[in-house]
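1. Kindly return the folded structure for what I paste below:
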Amino acid sequence: MDHLDDIHKFGDGFALLVLELTRKICRKDPNQKSRFVRCLFSLLKSESIAVSYESAWSLVSLSSAPTAVRAAAQTYALLLNTSSDNNIKLIVLDRLIELKVHHSKVVREVLMDILRALSSPNIDISKKTLSLAIDMVGPRNIDEVIQVLKREIVRAQETELENSDEYKLLLINAIHKCATRFSEVADSVVLVLLDFISGEGGYNVLTCVKSIVEQYPNYRSVIISKVINNFDEITNADALRVGLWLLGEYSDVTDPNTNESMSLQAYTTIQSQLGEPPFIQIKDNESTDKSDSKTTTTPTNNTTTITKNVVLSDGTYGSVTKTSEAISYNVDNKISSLRKSICSGNVLLVTVASVTLTKIVLKLSTHLKDYNLIKLNVLLIITALGKFVETKGKNRAGAYADSLDRINLCIRILLDPVVNKSLAGLLLESGKSAYHQLVNEQKNFKAKTLISDNAKKGTNTSQPDDLIQFRQLRSQAVQGGIEVDLMDADDISRAVGSDNQSNANNKLIHVHQLTGYNDPVYAEAVLTVHDYDIIIDLLIINRTPNTLTNLTIELATMGDLKIVERPQSYTIGPLDERKLRANIKVSSTETGHVFGTIVFDNASTAQKTYVTLNDIQLDIMDYIRAADCKNEDFRAMWEEFEWENKVAINTNILDLKEFLSHIIAHTNMTCLTPIEDSFTNLAGSNFLAANLYARSVFGEDALVNVSVERKDDLDGKLSGYIRIRSKTQGIALSLGDDSLLFKD
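-> Next up, the predicted model:
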């Protein structure tokens with residue numbers, strides 16, 4: 001203890017051994033913490049990354065005192081910004097995420113230092129950093145966080161990054177979450193986002209803007225004015241749909257400059273972007289210099305030959321070649337993105353444009369000077385759009401039929417007073433009320449999720465007869481700053497509820513009996529899963545009256561498992577016991593098996609004996625963590641992932657609600673489908689379709705689709721399929737094997 005201040009002089013290896021010794025001693029005798037705390041704090045400042053990291057981890061694992069956690073968090077933040085190795089940064093971020101669970105206030109103090117990691121070009125580091133930062137945002141640091149996010153989104157726009165589009169999407173979603181939680185920054189955030197509505201990211205920007213407009217009515221006039229002014233910058237077809245919907249629903253707000261409705265401005269903008277009818281099909285690659293002159297077109301005949309594979313009536317494959325002629329037109333001037341998307345055949349955009357113009361006309365005052373002229377122009381545009389859809393979809397099937405029905409409804413509302421009286425109000429209010437209900441459901445779902453997460457942490461308190469230690473009555477030998485905090489942390493943990501009981505229960509679940517009671521050697525194992533590592537604690541009991549020499553446990557694995565440290569040979573006396581340990585490295589989320597034998601020599605007979613051990617099957621659920629993702633991301637991953645495991649449902653459960661709850665509980669997954677807790681939307685229904693999502697500790701995504709039907713002709717039994725998709729084969733097959741538990 002006299003050389004604690006000189007530990008750094010003996011090298012990094014010696015310092016790591018001191019840290020390991022400190023952890024072992026303090027866990028066996030917690031009263032020894034005060035002896036080593038000065039050593040731990042001094043090693044935090046080590047120049048070695050490994051020593052600093054291990055000392056911070058040791059300090060947090062031994063104490064939950066604010067002083068210790070704060071020092072560890074500052075060390076993690078320093079390592080995050082000074083290390084050039086991306087793997088180290090990812091590991092440090094994982095530690096900070098774990099630290100945030102129980103010490104969010106302390107981690108919030110170093111939030112701005114953590115956000116400096118966004119300068120890394122690695123997209124995985126940016127994802128974890130933003131995920132951690134958004135949870136730590138509070139009223140005190142929201143302005144600083146928003147400034148950092150604004151600066152980053154401008155940097156991503158101006159510089160060519162490797163994953164620029166994905167990074168901008170992450171920043172947009174982060175800004176959206178901040179704006180929905182803190183109204184004081186919503187207006188400034190939206191105005192910044194609307195500067196980035198061009199390109200593929202425009203859809204995500206306008207989706208965020210739509211949510212903010214609904215939640216904060218006071219900002220609608222400013223936002224709608226900005227959307228009208230920047231509407232010509234929107235190039236993506238999906239973004240154009242959202243922009244048109246916004247103008248159709250909220251353009252009746254008052255302009256703060258003129259104190260008049262902005263519906264007329266919205267009509268003028270849309271009409272100028274659509275251009276003059278008729279609307280004719282164009283080629284996708286057509287564009288020439290912009291001109292104010294009238295558009296002229298020249299028809300050309302294009303012959304298209306399409307060859308595709310089909311399944312014939314006898315079950316074999318065949319090729320079918322289809323030749324079609326289409327008339328296209330060469331356009332002499334550059335047209336707007338809205339007109340180009342419509343003339344390229346986007347039927348859904350045609351429908352949205354027609355409905356939006358109809359809503360704007362209904363919102364305009366009939367006393368307006370040019371009201372009849374505007375109404376006539378809108379009718380001409382809508383009929384021209386209907387003619388375009390009718391020409392393009394000659395068989396009037398599918399989306400073309402739906403589009404024509406909506407267009408015809410819009411025309412009837414504008415021309416027939418009876419239809420106008422009965423349907424105009426419904427057209428104006430139904431879309432807005434449906435979206436308002438959707439936003440409220442999402443907010444309620446997030447609130448319920450937060451409450452359930454807090455409830456899962458438990459509310460265990462100390463027992464009434466537990467010993468209470470008072471700092472003032474404690475021995476003066478341990479008084480003094482940090483040491484007191486470290487020892488008080490144990491009392492605080494017991495008072496607010498410790499995880500010791502839950503950890504003990506989890507340990508009992510992972511106890512495996514390896515040999516029988518009649519075998520000469522009894523063995524059992526306790527598995528402790530630490531994400532990438534599995535520690536097997538073995539208990540060996542000699543049940544014979546003889547001494548067993550050269551006792552060795554020979555272990556082998558099957559799957560993506562690798563034994564790192566094998567148990568050594570031991571000599572065990574009569575009726576004696578010995579505790580051993582083996583370490584296994586895990587490299588992927590896949591069901592694995594550990595098997596082996598016990599080999600020993602009988603000291604009296606010198607005979608070698610073999611005892612075969614029972615197999616230990618590793619549960620894949622130990623690596624699956626519930627996670628959340630957007631429905632758009634779920635659909636994109638569903639299309640991308642190539643490995644699918646389709647499991648037929650065979651269960652004795654007859655209730656849809658009970659079956660879905662059973663699956664969620666068994667798979668540690670999050671249900672993305674907005675099904676209410678009371679399941680009132682399943683009442684009287686014989687069908688259920690839900691999407692579940694989870695992520696493994698290795699970052700692998702697991703997607704599950706549940707499609708169930710209650711069969712009335714089978715005494716109400718459930719039938720259907722559970723489809724599992726993943727990027728890797730192991731997780732899809734392993735989850736499919738685990739889904740056999742659904743037969744309960």
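2. And the closest residue to Gln265 other than its chain neighbours, how close does it get to Ile540?
-> What sits nearest to Gln265 in space, not counting adjacent residues and going by CB to CB, 6 or more residues apart in numbering, is Ile228, at 5.3 Å. Every C-beta, even on glycine, is put in place using the N, C-alpha and C of the backbone. Per CB to CB, to the nearest Å, Ile228 is found 78 Å from Ile540.
3. Which residue comes closest to Gly199 once chain neighbours are left out?
-> Thr235 (6.4 Å).
4. show me the contacts for Pro567.
-> Contacts of Pro567 were listed using CB atoms under 8 Å, 6 or more residues apart in numbering, and they are Leu538, Thr552, Ile553, Leu555, Leu580, Arg581, Ala582.
5. Who has more neighbours out of Ile228 and Ile540?
-> Ile540 (23 against 20; other CB atoms under 10 Å).
6. So that one lies in a helix, does it not?
-> No: looking at Ile540 with DSSP: H, G, I helix; E, B strand; the rest coil, it is strand, so not inside a helix.
7. ok, and the closest non-adjacent residue to it?
-> Among residues not flanking Ile540 along the chain, Arg578 sits closest, at 4.9 Å (CB to CB, 6+ apart).
8. Check the burial of the nearest residue to Asn163 once chain neighbours are set aside by counting its neighbours.
-> Closest residue to Asn163 apart from its sequence neighbours, by CB to CB, 6+ apart: Ile123 at 4.3 Å. Neighbour count for Ile123, taken as other CB under 10 Å: 15.
9. what does Asp701 give?
-> 21.
10. What of Ala648?
-> 9.
11. what comes into contact with whichever helix or strand Ala401 is part of?
-> Assigned by DSSP states H and E, Ala401 falls within helix 399-415. Contact with helix 399-415 is made by 347-348, 350-351, 354-355, 357-358, 361-362, 375, 378-379, 382-383, 385-386, 389-390, 392-393, 396, 419-420, 423-424, 427, as judged by CB under 8 Å, 6+ apart.
12. Let me see the mean pLDDT of that helix.
-> Average pLDDT, helix 399-415: 87.
13. Just the buried residues of it, please?
-> The neighbour-count check on helix 399-415 (16 or more other CB atoms under 10 Å) flags Tyr400, Ser403, Leu404, Arg406, Ile407, Leu409, Cys410, Ile411, Ile413, Leu414 as buried.
14. and what of stretch 597-605?
-> Buried positions in stretch 597-605, judged by neighbour count with 16+ other CB under 10 Å: Ile598, Phe600, Asp601.
15. CA atoms only for that stretch, dumped as CSV, please.
-> C-alpha atoms of stretch 597-605 as CSV (Å, rounded to 0.1, in the frame of the first residue of the first chain):
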residue,chain,number,x,y,z
THR,A,597,-16.7,-35.9,-20.2
ILE,A,598,-15.1,-36.1,-16.8
VAL,A,599,-11.9,-38.1,-16.7
PHE,A,600,-10.1,-39.1,-13.5
ASP,A,601,-7.9,-41.8,-11.9
ASN,A,602,-8.9,-43.7,-8.8
ALA,A,603,-5.9,-43.5,-6.4
SER,A,604,-6.6,-47.0,-4.9
THR,A,605,-7.2,-48.9,-8.2
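16. Correct me if wrong: Leu161 contacts Ile153.
-> No: counting by CB atoms under 8 Å, Leu161 sits too far from Ile153 to count as a contact (11.5 Å).
17. out of the two, which sits in the busier spot?
-> The neighbour count for Leu161 versus Ile153, taken as other CB under 10 Å, is higher for Ile153 (23 against 16).
18. What's the separation between that one and Asp195?
-> Ile153 is 9 Å from Asp195, where distance means CB to CB.
19. And Asp615, by the same measure?
-> Taking CB to CB, one finds Asp615 at 61 Å from Asp195.
20. any idea how far the helix ranked longest in the chain is from the chain center?
-> What stands out as the longest helix in the chain, according to DSSP state H, is helix 417-456. Offset of helix 417-456 from its chain centre (CA atoms, centre = their mean, to the nearest Å): 23 Å.
21. same for it, what does it pack against?
-> Counting contacts by 3 or more CB pairs under 8 Å, 6 or more residues apart in numbering; DSSP states H and E, helix 417-456 packs against helix 202-215, helix 237-250, helix 347-363, helix 399-415.
22. element containing the residue nearest to Gln265?
-> helix 220-229.
23. Return that helix as CSV; C-alpha atoms alone will do.
-> The C-alpha trace of helix 220-229 is given here as CSV (Å, rounded to 0.1, in the frame of the first residue of the first chain):
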residue,chain,number,x,y,z
ARG,A,220,-48.7,26.2,-38.1
SER,A,221,-48.8,29.6,-39.8
VAL,A,222,-45.0,29.9,-39.9
ILE,A,223,-44.4,26.4,-41.0
ILE,A,224,-47.1,26.4,-43.8
SER,A,225,-45.7,29.7,-45.1
LYS,A,226,-42.3,28.1,-45.3
VAL,A,227,-43.7,25.0,-47.0
ILE,A,228,-45.4,27.2,-49.6
ASN,A,229,-42.3,29.2,-50.3
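24. who's in contact with that helix?
-> Helix 220-229 is contacted by residues 187, 190-191, 194, 206, 209, 212-213, 243, 246-247, 250-251, 253-256, 262, 265-266, 269 when judged by CB under 8 Å, 6+ apart.
25. same question for that helix, mean pLDDT?
-> Mean predicted lDDT for helix 220-229 stands at 88.
26. again, but for stretch 582-594
-> 77.
27. And for stretch 520-533?
-> Here the average pLDDT along stretch 520-533 is 82.
28. Okay, buried residues for that stretch please.
-> Those would be Pro520, Val521, Tyr522, Ala523, Ala525, Val526, Leu527, Val529, for stretch 520-533 by 16+ other CB under 10 Å.
29. Could you work out the most separated pair of the contacts of Pro567?
-> Spatially, the most separated pair among those is Thr552 and Arg581, at 14.0 Å (CB to CB).
30. Before I go, just wanted to say thanks for your time.
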